[in-house]
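Enquirer: Fold the stuff below for me.
(7 chains)
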Amino acid sequence: MDNINNSRPLDALNKSRNKRVIVELKSGKEYVGELNAFDIHINTVLENVEEIENGQVKRKLGTVFIRGDTITIISPQ
Amino acid sequence: MDNINNSRPLDALNKSRNKRVIVELKSGKEYVGELNAFDIHINTVLENVEEIENGQVKRKLGTVFIRGDTITIISPQ
Amino acid sequence: MDNINNSRPLDALNKSRNKRVIVELKSGKEYVGELNAFDIHINTVLENVEEIENGQVKRKLGTVFIRGDTITIISPQ
Amino acid sequence: MDNINNSRPLDALNKSRNKRVIVELKSGKEYVGELNAFDIHINTVLENVEEIENGQVKRKLGTVFIRGDTITIISPQ
Amino acid sequence: MDNINNSRPLDALNKSRNKRVIVELKSGKEYVGELNAFDIHINTVLENVEEIENGQVKRKLGTVFIRGDTITIISPQ
Amino acid sequence: MDNINNSRPLDALNKSRNKRVIVELKSGKEYVGELNAFDIHINTVLENVEEIENGQVKRKLGTVFIRGDTITIISPQ
Amino acid sequence: MDNINNSRPLDALNKSRNKRVIVELKSGKEYVGELNAFDIHINTVLENVEEIENGQVKRKLGTVFIRGDTITIISPQ
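Expert: Residues are numbered from 1 along each chain as shown, chains lettered A, B, ... in the order given. I've put the predicted structure just below:
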């Protein structure tokens, strides 16, 4: 019931910093990588990224900046 | 007629904190989990989540951060 | 010609508080329930809700929080 | 050439207050009714409304609140 | 090279005031009429309007208020 | 490495003032003309414009005001 | 674990200045070029650009201004 420490959504993102997360976009594409940075717009930077489309790895990318307004969910892997 | 206590939409969300809720997205996908956190943009964090597509559980996820602008409704289960 | 009392759209919504209203979304879905709360973004909370798709009741829900930017119209039933 | 009195778009809407107007939505639906209220977001309230889809009256509604961002045009009938 | 007088987009719109303009919407529809008013959101009022769809005049309207965010271009005829 | 003079996107647009540019819209349409004016919303005014659809000149227009939020790219020709 | 220096998304973009990056748009198009400038809206300027559609170079462009809200990801090549 630790309500106070968990009460803000960006705190939850902060706990995933430097861990691998799944970022899903409105287009349906997914990016899986280490969460390096994010801001209040949910602009997000991942490292060591796999771009996944229809369940298949489409390409590997080093650093990916993702514009926040294109994101639907972020979930630690 | 307890009009005063119920008058703001975010108060209603607050009553669902730590309870299981259904979150439906513009894409039609649903996420069912415990409501851990939300903010004024309706950015939302769920725990112990089932991702549901076309009425079927597609995958289970631990923590899910959902960007508010992709949400249509939130309803306690 | 009571122009002054009727001049703001949110005043009209306020008159429907605690009454059954139809809320239609951009997706075409309709939610029919008692209008419990709304704010300036038109974030809306309904109670005792029927979710209607293609003219058919799809499911019944207790409380539903609806994100304002997904709404097209609200009309007292 | 009465340029000054006509120079702001909301002034034009104001002249249609209490008159029947056509409101067309991005979805293509039209609502025809008496313009009761509007605000700077173009949130609009109509009275004695006909909902029109594909040129046919689909249903009649008493009061309709229309969220501004779903509107394309408003024109006095 | 009269760079200073032409440097702001709304100045160009202002030169078309009371002249016939074509307004094209995101939906592809066009409205041709006299530019009566506009504001910083590009909310626009036309007079003596022809609504054009697929190159055909669909209907004639007196005054039309057009919500700015639905407009793609405005061009003097 | 003249990093300072090139560091802001609107500076790059400013260099194209009075030169012919291609403006592409979200709809896929392109407008080619002299860049007369733009503002921080990227609302843009072109002169001596060709409207291009599917690689074909669809019509010629004198002055065209383009609402910024409908633009994807601007490139000097 | 250099958490502090990497903590803001725009810092990651800044490291790619004057390097070749891939910019992907919501439409699926990609622009590959040297990152010359960007701002807080992620409005971006590339130099020596290849426009790529369906994996094929569609055309070469000198300078391209890209409106931020049309961008999904930016990744150094």
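Enquirer: rest of the way, CA atoms for contacts and neighbours
Expert: Will do.
Enquirer: which SS class is the residue in chain A that chain C sits nearest to?
Expert: For chain A and chain C, the shortest gap (Cα to the nearest Cα) falls at A:Asp69, measuring 14.4 Å. Under DSSP: H, G, I helix; E, B strand; the rest coil, A:Asp69 falls in the helix class.
Enquirer: In space, not sequence, find me the middle residue of chain A.
Expert: By Cα atoms, centre = their mean, chain A has its centre lying nearest to A:Val23, at 3.8 Å.
Enquirer: Contact partners for the nearest residue to that residue once chain neighbours are set aside?
Expert: When the adjacent residues along the chain are set aside, A:Val23 lies closest to A:Ile74, with 4.5 Å between them (Cα to Cα, 6 or more residues apart in numbering or on different chains). Applying Cα atoms under 8 Å, 6 or more residues apart in numbering or on different chains to A:Ile74 gives the contacts A:13, A:21-24, B:64-66.
Enquirer: hmm, the lowest-mean-pLDDT helix or strand in chain A in reach of chain G?
Expert: Lowest on mean pLDDT, DSSP states H and E among the helices and strands of chain A sits helix A:9-15, with a mean of 94. No: applying Cα under 8 Å from any Cα of the partner chain, one finds helix A:9-15 separated from chain G by no less than 10.3 Å.
Enquirer: what's downstream of that helix, the next helix or strand?
Expert: For helix A:9-15, the following helix or strand on the C-terminal side (DSSP states H and E) is strand A:20-25.
Enquirer: ok, back up a step: you'd agree the residue nearest to A:Val23 is in a strand?
Expert: Yes: using three-state DSSP, the secondary structure at A:Ile74 is a strand.
Enquirer: for the residue lying closest to A:Pro76 once chain neighbours are set aside, what are its contacts?
Expert: In space, A:Pro76 comes closest to A:Val21 once its chain neighbours are excluded; the distance is 4.0 Å by Cα to Cα, 6+ apart. Shown in contact with A:Val21 (Cα under 8 Å, 6+ apart): A:32-35, A:74-77.
Enquirer: For A:His41, state which of the residues you listed is nearest.
Expert: A:Ile74 (13.3 Å; Cα to Cα).
Enquirer: Tell me the bridge partners for that closest one.
Expert: Taking DSSP bridges as the rule, A:Ile74 bridges to A:Val23, B:Phe65.
Enquirer: List the contacts of A:Leu61.
Expert: By Cα under 8 Å, 6+ apart, the residues touching A:Leu61 are A:47-51, G:75.
Enquirer: State the helix or strand in which it lies.
Expert: Using DSSP H and E, A:Leu61 sits in strand A:56-66.
Enquirer: So for that strand, what gets flagged as buried?
Expert: A:61, A:63-66 (16 or more other Cα atoms under 10 Å in any protein chain shown).
Enquirer: and what of stretch A:29-43?
Expert: So, applying 16+ other Cα under 10 Å, buried residues of stretch A:29-43: A:30-38, A:42-43.
Enquirer: Would you mind listing what in chain A touches chain G?
Expert: So chain A meets chain G at A:27, A:36-39, A:43-45, A:61-67, A:69-70 (Cα under 8 Å from any Cα).
Enquirer: follow-up on the earlier one: test my guess that the residue of chain A closest to chain C contacts A:Thr44.
Expert: No: the pair A:Asp69 / A:Thr44 is not scored as a contact, 10.2 Å apart, by Cα atoms under 8 Å.
Enquirer: which one of these two has more residues nearby?
Expert: Neighbours were counted for A:Asp69 and for A:Thr44 using other Cα atoms under 10 Å in any protein chain shown; A:Thr44 has more, 25 against 19.
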